[in-house]
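In: Return a 3D structure for these sequence lines:
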Amino acid sequence: MKPTLVSGMQPTGRLHIGNYLGALKNFVDLQNSGDYQCYFFLADLHALTEGPAPKTFSENILNLATDYLAAGLDPKKALIYQQSQIPVHNQLAWILNTVTPMGELERMTQYKDKAARQAANVNAGLFDYPVLMAADIIIYDAKVVPVGDDQLQHLELTRTVARKFNARFGATFIEPKGLLTKTPRVMSLKDPSKKMSKSDPDGCLFLDDTPEVVARKIARAVTDSDATVAYDVEHKPGLSNLLEIYGALTHVDPAMAAKEFSDESYSVLKTRLTEVVVEHFAPFRAAKKKLLAKPSAIRKIIADGSKKAGTIAAKKMVEVKKKVGY
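Out: Prediction:
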């Protein structure tokens, strides 16, 4: 039997190339590898911690589901579902709260980072986020979780919580292992000292940007006053960011990509990068347009996947309740 792999993304707006290279592309590759039983979910409960407006939130959920499908996730190969449609995620998270030490949550660096970014909305959900994440994973007996370096701390907490539950109530949960994935740190086109972010649209390359918009954004991307094409993250962060995007989409090391353009001007690199981005995401844009023409079909895929995932999760929850004495 193939090991179960679980991961998800938050519906917080249009996906950009950083989201794609950091997660979504990897989801598709893992699904198509045939090595795992893949479970990919829409992490809408987690997204609530950012305080989205209801109408926008609803649109974002449908949009993320569409992006999953347009990028190549296939409901015949992977289970695709919506977190909030499966109430036992919340039920398990509450039980796990009772075995999770406060000290473990207080040291989570992502909580500190997010609290600093949304200082006006530092809610309890933001603090307790990792426990729900643990529930999302272990309720499906996941053996593998694809993670980048920034998620290793949360995954270790998941393993700790599973271990503590097992120690108190008996063997119940698998301690999942991380599948370390190379997640390029894509920086803003406007300010290469900051990560690419949806909150700064002009610094983002969104997956569904038109070719004209892609060309304009890349043409305006920050480089430097030196006209030499070289890969140097410290001294040429803007140019290096463009080379990393180019390399990630063409499967070329950024340093080798720099050599490819060593005798060219920045404008030549930007023109070629524009062509690569436009060509790479052309199938995505076409598929998304076709899918959005039938939103009811997308909702049915998610409802069907959520029903299947809910059945699996509910069965595990019966075992959990017996263990704790309900």
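
In: Could you report the pLDDT at residue 117?
Out: As summarised for this prediction, residue 117 has a pLDDT of 75.

In: hang on, I meant residue 229
Out: Among the per-residue scores, residue 229 holds a pLDDT of 94.

In: Next, it: phi, psi?
Out: Here the main-chain torsion angles of residue 229 (degrees, to the nearest 10) amount to phi -80, psi 110.

In: need the contact list for the residue nearest to it when sequence neighbours are not counted.
Out: The shortest distance from residue 229 to any residue that is not its chain neighbour, by CB to CB, 6 or more residues apart in numbering, is 4.4 Å, and that residue is residue 261. Every C-beta, even on glycine, is put in place using the N, C-alpha and C of the backbone. For residue 261, the contacting residues are 229, 268-269, 272, by CB atoms under 8 Å, 6 or more residues apart in numbering.

In: so what pLDDT did residue 261 get?
Out: At residue 261, the pLDDT value in this model is 95.

In: Just the buried residues out of the contacts of residue 261, in ChimeraX syntax.
Out: Selecting only the buried entries of the contacts of residue 261 in ChimeraX, with 16 or more other CB atoms under 10 Å as the criterion:
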select :229,269,272
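
In: of all the contacts of residue 261, which two lie farthest apart?
Out: 229 and 272 (11.0 Å; CB to CB).

In: Can you check the pLDDT for the closest residue to residue 28 other than its chain neighbours?
Out: If the residues on either side of it in the chain are set aside, residue 28 comes closest to residue 72, at 4.1 Å by CB to CB, 6+ apart. Per-residue confidence at residue 72 stands at 98 (pLDDT).

In: cool, and residue 183?
Out: What the model reports as pLDDT for residue 183 is 68.

In: ok, now residue 162?
Out: The predicted local confidence for residue 162 comes out at a pLDDT of 98.

In: Count the residues that sit near it.
Out: Per other CB atoms under 10 Å, the neighbour tally for residue 162 reads 20.

In: That one contacts residue 169, doesn't it?
Out: No. The criterion here is CB atoms under 8 Å, and residue 162 misses it with residue 169 at 11.0 Å.

In: Kindly provide the whole-number mean pLDDT of the helix or strand that contains residue 296.
Out: Assigned by DSSP states H and E, residue 296 falls within helix 295-324. When the per-residue pLDDT values of helix 295-324 are averaged, the result is 98.

In: Can you name every helix or strand that that helix contacts?
Out: With contacts defined as 3 or more CB pairs under 8 Å, 6 or more residues apart in numbering; DSSP states H and E, the packing partners of helix 295-324 are strand 37-42, helix 54-71, strand 78-82, helix 88-97, helix 266-292.

In: List the buried residues of that helix.
Out: Taking 16+ other CB under 10 Å as the criterion, helix 295-324 shows 298, 301-302, 305-306, 309-310, 312-313, 316-317, 320, 323 as buried.
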